[in-house]
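In: Mind folding the following:
(chains A and B)
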Amino acid sequence: MTVIDLESYEDALATYDPVMGLEVHVELGTKTKMFCGCSTELKQDANSQTCPVCLGLPGALPVVNEIGVESAIKIGLALNCEIAEWCRFARKNYFYPDMPKNFQTSQYDEPIAYDGYLDVQLEDGEIFRVQIERAHMEEDTGKSTHVGGATGRIHGASYSLLDYNRAGIPLIEIVTKPIEGAGARAPEVAKAYVAELRELIKALGVSEARMEMGQMRCDVNLSLRPNGTETFGTRSETKNVNSLRSVERAARFEIQRHAAVLNSGGTIVQETRHFHEEDGSTTAGRIKDNAEDYRYFPEPDLVPVAPSRDWVEELRKGLPELPRLRRKRLKEEWGVNEHDMQSILNAGAVDLIVATTDAGAPSDQARKWWMGELARNANETGRSLDELPVTPAQVARVAELVAAGDLNDKLARQVLEGVLAGEGDPDTVVEKRGLKVVSDEGALSTAVDEAIAGNAAIADKIRGGKVAAAGALVGAVMKATRGQADAARVRELILEKLGVEG
Amino acid sequence: MPGITREEVAHLARLARLELKGEELEHFAGQLDDIIGAVARVSEVADQDVPPTSHPLPLTNVMRADEVRPSLTPEQALSGAPAQEQQRFKVPQILGED
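Out: Numbering: from 1, shown residues only, chains lettered A, B, ... in the order given. Now for the predicted structure:
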C-alpha cells in the first residue's frame, strides 16, 4: 500500500481553487426495466429477472418504459431544466461483461433534460446555486462478483460471476456544470447538493433514493487551479461515493491530494479513483478512455423520444413543493431553528413528524418523541426511523394520552418501548403493562402524607416559603408510586397540604 | 482526403480487443480508408438541408406501459452460457494483476 501525500486542507485552499463536477446516478423505482418488461425487484435469485432484451440476445428489440421517460422529465423539470423536444438514445460501446450487449443504452449529445439548476442550502443558511448541465436516461449494469484474489476486488481475481438482474434497470444520470466559487466550502457544497437532490428525488416519488442500497450513487470529479486563474486543472473522477458523508470526505481528500501532487511539482493524471469508506481515502483506478473510445452512435433499435409540450406542462403542474421550500415552511410552522431543522432532516424524521401531526399530535410532541426516544432506539438498533415498528398514528396516540394526563413522560416512554417490542398499539400496551398514571386522589394523598412525614426537615423549609424544595418531595412520591403519578398534581397536593401558595 | 492511419487502426483494434499483426494494420488501414471514402461521397450530395438519418421510419414515442412481463428462468437465461457457476455467468479474468 503506497502512502498518499496530503497537503493540509488550509494550505491547499490558500494556494488553490477547487472546481467540482458531480455526477449522480439515480435508479428509478419503476416496476420494470428501462427497455424490457423484466421485474426490477431487488434481492431476487441470480439471473431470475432477465430476458432476451436485457441479455442482448440476437433479434431482441427494446421498447422504452413510459414511466422511465416520465420520471426523467419530472426530474428535469424539478431541476429547472429545458426538456428536449426530440432526443435519441445512443449506444455506449465498451468491453466489460457487466453488460451482456457489449454496450450500454444511454443518451449522448441529446439528453432529455438540460440547462437547469438546483439551489442548495448550506449549514449556515447560505443558498448556493448548482448549475445542472444535463439529466439523461440510461440503464444500470449487471452485478459482478470477482472470485479468487485476496480481497474480492477485480485485481488479482481469477474469474468473475455475473448476475444480470440489475442490467437494464432504469437510471437517470444527473450531471452538474463545473461548480466554481465554492472555495473551502466545496466539500460542504458537494454534500449539500447530493442531500438536496436525494430529497428532491424522493419528493418526486420517482425513486426511494436509498444511497446505502445503491439506488443513488455519486461520482465526484475534482480539479484544482491556482487561486486567481481561470483555466481548469486536470481532474480526477472518484467513483461510487455512496453516502452523504463520503461525498464530503472524498472531495476533501482529493483537494488535499491534488495540492500535495501539484506542490511537489507533479502533475495530476486524469483517472478514475476508488473511494475507501474505512479511512476516507481514494486510490487510483483505470486510466479513463476518451469519450470517442466509447464509439457512441444513435441507437437504431429505439425510436426518438419527442415529449409533447402538453405532456411536459401537465407534468410540470403535478410537481410537488420543492423540499427546500417545504422545509422552510415546516421550520416556520414548527417554530424550530435552523440547527434543529437540520437534525430532523439528518435523522430522516421530517415526513414522520408531518404524518404524526397529521394524525392529530401537536408538532412539538411529534418532534419530541421522534427525535428523542425513537431516535435513540433507532440508533441503538442500527435502524432508520422509518424502519422502526411504530407508526406515526401510534406516536400521535401516545401524545394524546400524555395530553389527557393518562400518561406522564416516563410512562409514555415505556409505552413506546412496548410498541417497539411488538406488544401491540399504545392502548394495548397501557392495558397490559398497567401503565396508567395514578389518578386515584386517595392513593396519591396517602403517598404525599407519607413523603411529608418521612422528610420533616424539607417539609419545614417549604412551610417557611422555600417552594423550590418541593421538588424533593415530588421525587419521593414519584419513587413511591414507581413513576406512575402525575407529577404536577403531586406538587399541587404537597403545597396544598403544607399551606403554601404555588 | 486524409487517410486512416495505421495508428488509428491499432487504437480501434485495441478497443475492439482484436489482435492484429503489423501487415494486417496496413491492410485494414487501406480498406477502411476506401470504405470511409465511399461513404463520404454521400455528404457531397447531401447539403445542410438534409439532416443525418438514424432511423428510416418517421416514428417517435414508441413506449410500453410499466407492466411486468415474465422473464426467462435462470436455467433458460444461462442455457447459452459457455460457463456458469452459482447460477451466474462465468467469465474469464477481466483485469490482470496491478
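
In: switch to C-alpha atoms for all contacts and neighbour counts from now on
Out: OK.

In: near chain A, which residues of chain B show up?
Out: By Cα under 8 Å from any Cα of the partner chain, the residues of chain B that approach chain A are B:15-17, B:54-55, B:59-74, B:77-78, B:84-85, B:87-98.

In: In strands, which of these appear?
Out: B:Met63, B:Arg64, B:Gln84, B:Glu85, B:Arg88, B:Phe89, B:Lys90, B:Val91, B:Pro92 (DSSP state E).

In: Can you tell me which of the residues of chain B next to chain A are buried?
Out: Among those, the ones that count as buried by 16 or more other Cα atoms under 10 Å in any protein chain shown are B:15, B:60-61, B:63-64, B:66-67, B:71-72, B:74, B:77-78, B:84, B:87-91, B:93-94.

In: need the residues of the stretch 1-150 of chain A near chain B, please.
Out: A:30-32, A:37-39, A:46-51, A:55, A:63-67, A:94-97.

In: Quick one, which of those are buried?
Out: A:30-32, A:37-39, A:46-51, A:55, A:63-67, A:94, A:97.

In: wait, what's in contact with the spatially most central residue of chain B?
Out: Central residue of chain B (Cα atoms, centre = their mean): B:Ala16, 8.1 Å from the mean position. B:Ala16 makes contact with A:Phe95, according to Cα atoms under 8 Å, 6 or more residues apart in numbering or on different chains.

In: Distance check, it against A:Asn93.
Out: 9 Å (Cα to Cα, to the nearest Å).

In: ditto for A:Ser384
Out: 40 Å.

In: of these two, who's got more company?
Out: More crowded of A:Ser384 and A:Asn93, by other Cα atoms under 10 Å in any protein chain shown: A:Asn93, with 20 against 15.

In: Look at the more buried one and report its pLDDT.
Out: Per-residue confidence (pLDDT) for A:Asn93: 91.

In: Look up phi and psi at it.
Out: phi -90, psi 130 (degrees, to the nearest 10).

In: wait, what's in contact with it?
Out: Taking Cα under 8 Å, 6+ apart as the test, what A:Asn93 contacts is A:Asn102, A:Phe103, A:Gln104, A:Tyr294, A:Arg295, A:Tyr296.

In: What remains of those if I keep only buried residues?
Out: Buried among the contacts of A:Asn93 by 16+ other Cα under 10 Å: A:Phe103, A:Gln104, A:Tyr294, A:Tyr296.

In: remind me which residues of chain B are low pLDDT?
Out: B:1-2, B:95-98 (pLDDT under 70).

In: all helices for it, in order.
Out: Counting by DSSP state H, chain B has helices at residues B:6-15, B:22-45, B:74-78.

In: any idea which of those helices is most buried?
Out: Greatest average neighbour count among those goes to helix B:74-78 (a mean of 17), per mean count of other Cα atoms under 10 Å in any protein chain shown.

In: got the contact list for it?
Out: Helix B:74-78 has contacts (Cα under 8 Å, 6+ apart) with A:Ala46, A:Asn47, A:Ser48, A:Gln49, A:Thr50, A:Cys51, A:Leu55, B:Gln84, B:Gln87, B:Arg88, B:Phe89.

In: how does it look with 6 Å?
Out: Applying Cα atoms under 6 Å, 6 or more residues apart in numbering or on different chains, the external contacts of helix B:74-78 come out as A:Asn47, A:Ser48.
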